[in-house]
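Trainee: What follows is a predicted structure for the sequence shown.
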Amino acid sequence: MKIGLLADIHGNYCAFRAILDFLNKRVQKFFFAGDLVGYYPFVHECLALWDSQKIMSVRGNHDQMLLDYTRDDIASNSLYQQHFGNALMRSQKNLTTEDFNIMSSWSRAQTIKLNGLKLAIFHGAPWDELEGRVYPDFNEWNRFNDVSADIIVMGHTHYPFSKKWRNKIIVNPGSVGQPRNEHGAFAFCSEIDLRTMDITQHRIAYDAGEIIHDSRVHGSKKLNLEKCLIACGKK
């Protein structure tokens, strides 16, 4: 069996669609390490794609913020907009009850057994499920010794890597919708062959025109537009 690993879509449904089109020809199951929402507003569209695949998912920090702000009816949270732009506010306007219920159903961690292997999924890290950060140059790998899993999947940093540590494989598939390791209209994901335990990191080009246009029209917060143009290689 081959599985596809995704993380950090951040409302970029153009990138998400490209990743699914690519991986559907290669893998039998998908797993998502959180942050479906964030920098871009197409949450409803992303959830429609998610629902078409029924992807096992965990909740990210941006997902948690959207749920909290929607539940508390504070869509125009100024602190969030200052850091991340207006996408969350716009997302909330199009969020259906079903969308809200789907994201609410995601836990902060998931474990599953596949082909006799135990897979553990977090957005951040096992010791800080929403906000923990493990970058490629992390040097405290001993912290994973107590994690009971053969494969550990994390997101949050937007930097892809894979690491074989003792009897474990630790993977960050990188970001689907807002990569930080490379500029350009590329989406990142990972593929694992559970028979051989080979890991392949994929870099998929996609048409970002619609995302760029939306940010130019609605990017009242300069940060939102700047991040979009940089991520898509237009600046």
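Mentor: Now that the structure is in, tell me what you want to look at. Numbering: from 1, shown residues only.
Trainee: From here on, just use CA atoms for contacts and neighbour counts.
Mentor: Will do.
Trainee: Which positions within the helix or strand containing residue 70 qualify as buried?
Mentor: Residue 70 belongs to helix 61-71 when elements are defined using DSSP states H and E. Neighbour counts over helix 61-71 (16 or more other CA atoms under 10 Å) mark 61, 62, 63, 64, 65, 66, 67, 69, 70 as buried.
Trainee: of all those, which comes closest to residue 127?
Mentor: Lowest distance from residue 127 to the buried residues of helix 61-71 (CA to CA) belongs to residue 61, with 14.3 Å.
Trainee: which one is the closest one nearest to, not counting chain neighbours?
Mentor: In space, and not counting its chain neighbours, residue 61 is closest to residue 130: 5.1 Å by CA to CA, 6 or more residues apart in numbering.
Trainee: if we can go back for a sec, what is the lowest-pLDDT residue among the buried residues of helix 61-71?
Mentor: Checked by pLDDT, the buried residues of helix 61-71 have residue 70 as the lowest-scoring entry (77).
Trainee: From residue 123, how far out is the closest residue to it other than its chain neighbours?
Mentor: Counting by CA to CA, 6+ apart, residue 92 is the residue found nearest to residue 70 once chain neighbours are left out, at 6.8 Å. For residue 92, the distance to residue 123 equals 22 Å [CA to CA, to the nearest Å].
Trainee: re earlier: let me see the contact set for the residue nearest to residue 61.
Mentor: 59, 60, 61, 108, 122, 123, 124 (CA atoms under 8 Å, 6 or more residues apart in numbering).
Trainee: Now intersect those with the strands, please.
Mentor: Judged by DSSP state E, these include residue 122 as members of strands.
Trainee: Most widely separated two among the contacts of residue 130?
Mentor: Spatial extent of those (CA to CA) is set by the pair 61 and 122 at 10.8 Å.
Trainee: Overlap of the contact sets of these two?
Mentor: Common neighbours of residue 61 and residue 122 (CA under 8 Å, 6+ apart) are 34, 130.
Trainee: nearest to residue 23, of the buried residues of helix 61-71?
Mentor: residue 63 (23.6 Å).
Trainee: From the contact counts, what lies against the helix holding residue 70?
Mentor: When contacts are defined as 3 or more CA pairs under 8 Å, 6 or more residues apart in numbering; DSSP states H and E, helix 61-71 sits against helix 87-94, helix 97-105.
Trainee: Tell me the gap between the helix or strand just after the last one and the middle of its chain.
Mentor: It stands for helix 97-105. Next along the chain after helix 97-105, taking DSSP H and E as the criterion, comes strand 109-114. Centroid separation for strand 109-114 versus its chain: 17 Å, with CA atoms, centre = their mean, to the nearest Å.
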